[in-house]
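In: give me a 3D structure for the following:
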Amino acid sequence: MKRGVVVDSLADFPPFFKTSLPVKTVHFKVYVDGKEYADGKSITKEEYYEIASKTMDLRTSYPPPQETLQVYRELEEEGVEEILALHLPKRMSGFLSSLNEVLDKVKAKVKVFDVRTVSAGAGMVDAKMIELFENGVTFEDLEKKFWDIRKRVLLQFSVSSLKFLIKNGRIGKAKGLMGTIMNILPVLTVDEDGEVSPLGKARGRKRVIDMMVKNMVRLAENRKIELVIGWGTAAMKERAEEIKEKIFEVIGDKIVKFGEIRVSPTVASHTGPDVYGCSIYVL
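Out: Below you'll find the model as predicted:
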């Protein structure tokens, strides 16, 4: 039985991820100053950051059902009979609710997972789920294994301002940080409920990075890890590289795979383009 996968544009896959399965992407819409783009289809990450860094008018929406249906139909046209669908948290978007309407029209057998994270975190969860699926693991067994995979992932990020998260209604459980004073910066995650949640705050980026590294070391507990760093605007790359240098300095012998990504436009439209962070998967 031929298998395939559908993901969405909020997932940033590790560059070291490979699969022989056909993988299709649902391209969310990003709007910059009111102009619509399909993330990863009609605008590249480089093009997005060039224009997004100059405005506060950023928003997103999920594509209409017909566009999403077409993604699933493409797999069916390739002879796929079982589809693993890995999508963004339900608490961040109405997309998963709208997906039911689409799947009623899909003949292939589909198993949908809310991966409860985004960006590099989603990329890591997706990669592990796809690897199992490619190796013949059933939908039933994937369901049993999902939470073990999700609990092994830690996504951390920081932003220069919470204004985009507040403006776009994605502040989640980080509401308590809304009064953060100048130079007190947040360390945020997407928790297992699929909501933006605070891990802490610190004065200045050096302490923010130190906090991120300590959180990774604590979760790893001396086990091997895969590490991905990511950034939005070019100015944030240096901060992401500082995370890399620090974590390699502390537990470099535990890092078995490393990669770098640029945060997807859909995610950056929620957080603001000035975002940077990291994600680990504990082996």
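In: C-alpha coordinates for the helix or strand containing Val187, PDB please?
Out: Val187 belongs to strand 184-190 when assigned by DSSP states H and E. Extracted in PDB, the C-alpha atoms of strand 184-190 (Å, rounded to 0.1, in the frame of the first residue of the first chain):
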ATOM      1  CA  ILE A 184      13.900  42.300  29.800                       C
ATOM      2  CA  LEU A 185      13.500  39.600  27.100                       C
ATOM      3  CA  PRO A 186      11.300  36.500  27.100                       C
ATOM      4  CA  VAL A 187      12.200  32.900  26.500                       C
ATOM      5  CA  LEU A 188       9.200  31.300  24.900                       C
ATOM      6  CA  THR A 189       8.100  27.900  23.800                       C
ATOM      7  CA  VAL A 190       5.000  26.200  22.300                       C
END
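In: where does Trp147 land in three-state SS?
Out: Of the three states, Trp147 takes helix according to DSSP: H, G, I helix; E, B strand; the rest coil.
In: flag every buried residue along the strand holding Val187.
Out: Leu185, Pro186, Val187, Leu188, Thr189, Val190 (16 or more other CB atoms under 10 Å). C-beta here means a position set from N, CA and C on the backbone, and glycine is covered the same way.
In: Throw those residues into CSV and include distance to Ser42 and pLDDT, thanks.
Out: Shown next, in CSV, are those (distance: CB to CB, whole Å; pLDDT from 0 to 100):
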residue, distance to Ser42, pLDDT
Leu185, 33, 86
Pro186, 32, 89
Val187, 33, 94
Leu188, 29, 95
Thr189, 30, 97
Val190, 26, 97
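In: of those residues, closest to Val125?
Out: Of all the buried residues of strand 184-190, the one with the least separation from Val125 (CB to CB) is Val190, at 10.6 Å.
In: that older thread, check which helices and strands the strand holding Val187 sits against.
Out: strand 153-159, strand 196-203, helix 205-220 (3 or more CB pairs under 8 Å, 6 or more residues apart in numbering; DSSP states H and E).
In: looking at these, which is buried most?
Out: Across the helices and strands packed on strand 184-190, averaging neighbours per residue (mean count of other CB atoms under 10 Å) puts strand 153-159 on top, at a mean of 24.
In: counting by contacts, list what the following helix or strand past that strand packs against.
Out: Later in the chain than strand 153-159, the nearest helix or strand by DSSP H and E is helix 163-167. The contact analysis (3+ CB pairs under 8 Å, 6+ apart) places helix 163-167 against helix 265-271.
In: so where do the strands sit in this protein?
Out: Under the criterion DSSP state E, the chain carries strands at the ranges 3-8, 23-26, 29-32, 35-38, 58-61, 82-87, 109-114, 153-159, 184-190, 196-203, 225-231, 255-262, 275-282.
In: which residues touch Tyr62?
Out: Contact criterion CB atoms under 8 Å, 6 or more residues apart in numbering gives Val26, Phe28, Lys29, Thr68, Ser93, Gly94, Phe95, Ser98 as the residues in contact with Tyr62.
In: correct me, but the first one touches His87?
Out: Just to be clear, that refers to Val26. Yes: counting by CB atoms under 8 Å, His87 is a contact partner of Val26 at 7.5 Å.
In: next, show the common contact partners of those two.
Out: The contact lists of Val26 and His87 share Val6, Val7, Asp8, Phe95, where a contact means CB under 8 Å, 6+ apart.
In: most neighbours among those, which one?
Out: Ranked by neighbour count (other CB atoms under 10 Å), these have Asp8 at the top, with 28 neighbours.
In: retrieve the pLDDT associated with the residue nearest to Lys107 when sequence neighbours are not counted.
Out: Distances taken as CB to CB, 6 or more residues apart in numbering put Glu76 closest to Lys107, at 6.2 Å, once the chain neighbours are dropped. In this model, Glu76 is scored at 98, pLDDT.
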